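**Q** Pasted the sequence and its predicted model underneath.
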Amino acid sequence: MPRSKEQIDAASGGMCGEAKRKANKSKMSFGLLKEPDINLLLDDEEEGVDGEDKPKKKKAKRLDVKKSKPDPNAPAQNRIPLPEILISVEISDDSSLLAAGFADSNIRLWTLTPKKLRSIKPAEILQELEKEAEDVMERIMDERSSTDCKVLVGHSGPVYATSFSPDRNLLLSASGDGTVRLWNLFTFSTLVCYKGHNFPVWDVAFGPFGHYFVSCGKDRTARLWTTESHQPIRLFAGHYSDTNCVCFHPNSNYVATGSCDRMIKVWDILNGKCVRVMTGHKGPIHKVLFSPNGHFLASVSEDCSVMLWGLRHSNLIAELKGHTESIYSLSFCRDGNVLASGGLDNVVKLWDVKKIFAEAESEDFNTAHQVQQNDSMQLLLGSYPTKNTTIHHLHFTRRNLLLAVGAFSVTS
């Protein structure tokens, strides 16, 4: 359409001239997202009836709020993935505490037993207590502060991982602010803020005997720390992309790391050298876990498979297929005969790995042998779907009761 001089002058002013018509031909979803519909259920009303002493209840009425009409110009609900509020979960070894890291940079600590969480009494009151008393640890706790949940505030970014110390007195947390914090679970405050990573820290894990812990992050490295020093004592470098996950060997001499470069590496913490490299996953690795006897390693990835590795020859001994989405959590039962896995497909699967490990440790086992993917269903003990809950963490109690933790999300 021809334009007047006033219209041309109104559109001019850009440093590169007037915008071309093709620049504004792209489709844009500028509408608002549809608000969820809310249905209110009215309380039952009572009304007397002639000839009867007892009141008669009316049927419950449902009040339907006027439903909002969808905007034709609005984008799809899942066009831009929104971050989940719950990011990480960890359960203490004695199954008494649960720590969860959230996107709001806070850590929430819950007790899983009837025993409440209590803080220490103020310093002026502690000075009056008898230090030689047998129940001094009980006297220093303030009953007025008892609660089922405590909030730990200190990070300035999302909390991606937490780890309890073996004695359950300390808690480690890794955050997107590039720091690792050590928390005292008596005072519920930060003891040390470890700064060494240059980018977000994805995972952190205490050693099986305490004192040592290891962290890994976006800077493609893993670092070994001690609770008595604010500087790392070992630097494990060798991955070509983000180091996503880390775990200690049960003997506390080795550390395994999984990366976005689809490789698993095992490091000797004495000299910092890489002693094993395992390849086979077709996607970024999200979780690595040593078996309780220390002879094997399990790993999961975005390729929806669970892989089992022998540490003697660094060979793949089994590939378990069955999940339909990325897997994020693993847990061995206490004797190491059953492996649990869970992830984005909202399903917990149990695998019978006792037969695999027995074959792998036999003298006539061929290092080139691998369990076929078709045979993996024979090793599946059971699948336990949830309603709509992504599995963030799996934990076997000392009585081999499996606990699964995740965030329940309501779909519109």
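**A** Right, received. Where do you want to start? This structure is a prediction, so every number in the text was calculated from the model and none was measured.

**Q** contacts and neighbour counts: CA atoms only from here.
**A** Will do.

**Q** what are the ranges of the helices in the stretch 51-200 of the chain?
**A** 123-126, 136-139 (DSSP state H, counting those that start in this stretch).

**Q** Would you confirm that Ala103 contacts Ala161?
**A** No - Ala103 is beyond contact range of Ala161, at 11.3 Å (criterion: CA atoms under 8 Å).

**Q** Give me the common contacts of the two.
**A** Ile87 (CA atoms under 8 Å, 6 or more residues apart in numbering).

**Q** Tell me which of those two has more neighbours.
**A** Ala161 (27 against 19; other CA atoms under 10 Å).

**Q** Report the beta-bridge partner residues of that one.
**A** Per DSSP bridges, the residues bridged to Ala161 are Ala174.

**Q** tell me the pLDDT at it?
**A** Reading off the confidence values, Ala161 has pLDDT 97.

**Q** and it, what is it in contact with?
**A** Contacts of Ala161 (CA under 8 Å, 6+ apart): 87-90, 101, 173-175, 202-204.

**Q** Out of those residues, which comes closest to Asn24?
**A** Ile87 (38.8 Å; CA to CA).

**Q** how about that closest one, what does it touch?
**A** Ile87 neighbours (CA under 8 Å, 6+ apart): 100-103, 158-161, 392.

**Q** And Pro166, by the same measure?
**A** Pro166 makes contact with 92-93, 206, 208-210, according to CA under 8 Å, 6+ apart.

**Q** just to revisit the earlier point, nearest to Cys260, out of the contacts of Ala161: which one, please.
**A** Distances from Cys260 to the contacts of Ala161, taken by CA to CA, are shortest for Trp202, at 11.7 Å.

**Q** Quick one: residues contacting the closest one.
**A** 160-161, 174-176, 215-218, 243-245.

**Q** Which members of the residues you listed are classed as buried?
**A** Buried residues within these, counting neighbours by 16 or more other CA atoms under 10 Å: 160-161, 174-176, 215-218, 243-245.

**Q** Can you verify my assumption that His323 contacts Ser305?
**A** Yes - with contact defined as CA under 8 Å, His323 reaches Ser305; the gap is 6.9 Å.

**Q** Quick check: the residue positioned nearest the centre of the chain vs Leu235, distance?
**A** Central residue of the chain (CA atoms, centre = their mean): Ser88, 2.9 Å from the mean position. Distance of Ser88 to Leu235, computed by CA to CA, to the nearest Å: 24 Å.

**Q** Please apply the same query to Ser329.
**A** From Ser329 to Leu235 the distance is 26 Å (CA to CA).

**Q** correct me, but Asn251 touches Pro208?
**A** Yes - here Asn251 reaches Pro208: they are 7.4 Å apart, a contact under CA under 8 Å.

**Q** Who has more neighbours out of these two?
**A** Per other CA under 10 Å, whichever of Asn251 and Pro208 has more neighbours is Pro208, with 17 against 13.

**Q** Might one say that the more buried one is in contact with Pro250?
**A** Yes - taking contacts as CA under 8 Å, Pro208 lies within contact range of Pro250: 6.2 Å.

**Q** ok, back up a step: a markdown table for the helices of the stretch 51-200 of the chain, including distance to Arg312, mean pLDDT and mean neighbour count?
**A** Below are those laid out as a markdown table (distance: least, CA to CA, whole Å; pLDDT from 0 to 100; neighbours: other CA atoms under 10 Å):
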| stretch | distance to Arg312 | mean pLDDT | mean neighbour count |
| --- | --- | --- | --- |
| helix 123-126 | 54 | 81 | 10 |
| helix 136-139 | 46 | 79 | 12 |
